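1. curious how this folds, go ahead:
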Amino acid sequence: MSSADYRTAQASLVGDRKQNQDRCAILEQEGRVMLVLGDGLGGHPRGEVAAQFLVDCASEQFQRHKGRDIPNPRAFIEDCLELAHREIVKFGDAQDPPVSPRSTAVIALIIGGKAHWGHVGDSRLYLLRDGRIQNITEDHVQESIDGSARGGLTRCVGGPAVTPQPSWGRPDWLLPGDTLLLCSDGFWSQLDTRHVAPILCDSVELADDLDDLANAAVLAGKGRSDNVTALTLQWLTENPNIPADDPDQLDAAIAHLQQVVKRFGN
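-> Residues are numbered from 1 along each chain as shown. Below you'll find the predicted structure:
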């Protein structure tokens, strides 16, 4: 896996808020890349600090492993979240008076063309394949009995002393054209995400298209837009690392080929 196998883009806009409490980063090393996004909770003080701690702690953990294998990607992501949580709580406790900064977190780690991801909160990761949403994280939010209203987050980094339990996506080998999209709720809640998948999967100018989508999200907010942040990684090449006996990936590859044949048939 090298930088020729993929391309990335990121966009972060303040929207109609006074400050941008979202933070994000794309981190690269030989054979792997990590995408990190945090959305500071506006209902708690210093949310932007919590989101920055997430990015800084993930960057620190990633740098520590430079030149070393990451044999357990899930444990690595969990370590990033745990370190960020501890540092956020420590910062909040040191203020006078003490405060409780909090942030969502979503982290994707791609090693050798295989994507691993975990998250807490309502920032999302989408796996876009063949112009469609293939997979999506589930928000950690309280909902009304009839599902008509969303309440507060049930998990975040920072806040309560207990480290939050992340939710995990199924690791997935990336196929040509696959796109990972990490985004804050200002992005996904203000856009019809069904239209996002074909734009990004077929994108030739990934950075420009992502900028256009981020600006469209702000406009869709109609003067009340939240912060809007998104990161993308688009996989470009055939993946030689996929094991021939991986049943999950075999099904995905067959579905991908069927979509390709269908496109050319039309």
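2. what ranges do the helices span in the stretch 151-266 of the chain?
-> Secondary structure of the stretch 151-266 of the chain, counting by DSSP state H, counting those that start in this stretch: helices at 185-188, 196-201, 206-220, 247-265.
3. off-centre distance for stretch 36-49?
-> A distance of 15 Å separates the centroid of the chain from that of stretch 36-49, by CA atoms, centre = their mean, to the nearest Å.
4. mind listing what's buried along it?
-> Along stretch 36-49, these residues count as buried under the neighbour rule (16 or more other CB atoms under 10 Å): Val36, Leu37, Gly38, Asp39, Gly40, Leu41, His44, Pro45, Arg46, Gly47, Glu48, Val49. Glycine gets a C-beta too; all of them are placed from N, C-alpha and C.
5. among those residues, which two are most distant?
-> Greatest spatial distance in those: Val36 and Pro45, 22.2 Å, computed using CB to CB.
6. need the longest helix for the chain.
-> Ranked by residue count and defined by DSSP state H, the top helix of the chain is helix 73-94.
7. other SSEs contacting the helix or strand following that helix?
-> Sequence-wise, the next helix or strand downstream of helix 73-94 (DSSP states H and E) is strand 102-103. Using 3 or more CB pairs under 8 Å, 6 or more residues apart in numbering; DSSP states H and E as the contact test, the elements touching strand 102-103 are helix 47-64, helix 73-94, strand 157-158.
8. among the ones you listed, which is the most enclosed?
-> strand 157-158 (a mean of 31; mean count of other CB atoms under 10 Å).
9. what does that one rub up against?
-> Contact with strand 157-158 is made by 38, 41, 44, 50, 53-54, 81, 84-85, 88-89, 92, 100-105, 120-121, 164, as judged by CB atoms under 8 Å, 6 or more residues apart in numbering.
10. check the one residue sitting closest to the centre of the chain and give its pLDDT.
-> The centre of the chain sits closest to Leu182, judged by CA atoms, centre = their mean, with a distance of 2.9 Å. pLDDT, Leu182: 98.
11. that one touches Leu127, doesn't it?
-> No. Leu182 is not in contact with Leu127 according to CB atoms under 8 Å; the separation is 10.6 Å.
12. could you list the low-pLDDT ranges of the stretch 51-200 of the chain?
-> By pLDDT under 70, the low-scoring segments of the stretch 51-200 of the chain are 144-150.
13. swap in 50 and give it another go.
-> Across the stretch 51-200 of the chain, nothing is flagged by pLDDT under 50.
14. hmm, back to that, how far away is the residue nearest to the centre of the chain from Leu231?
-> Remark: distance between Leu182 and Leu231 (CB to CB, to the nearest Å) = 4 Å.
15. quick check, Thr104 in contact with Cys156.
-> Yes. The criterion here is CB under 8 Å, and Thr104 meets it with Cys156 at 6.0 Å.
16. shared neighbours of those two, which are they?
-> Taking CB under 8 Å, 6+ apart as the contact rule, the neighbours common to Thr104 and Cys156 are Leu41, Val120, Gly121.
17. and the residues you listed as CSV, adding secondary structure and distance to Asp172?
-> Output for the shared contacts of Thr104 and Cys156, formatted as CSV (DSSP: H, G, I helix; E, B strand; the rest coil; distance: CB to CB, whole Å):
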residue, secondary structure, distance to Asp172
Leu41, coil, 29
Val120, strand, 20
Gly121, coil, 21
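18. wait, which of the residues you listed is closest to Phe187?
-> The closest of the shared contacts of Thr104 and Cys156 to Phe187 turns out to be Gly121 (CB to CB; 13.8 Å).
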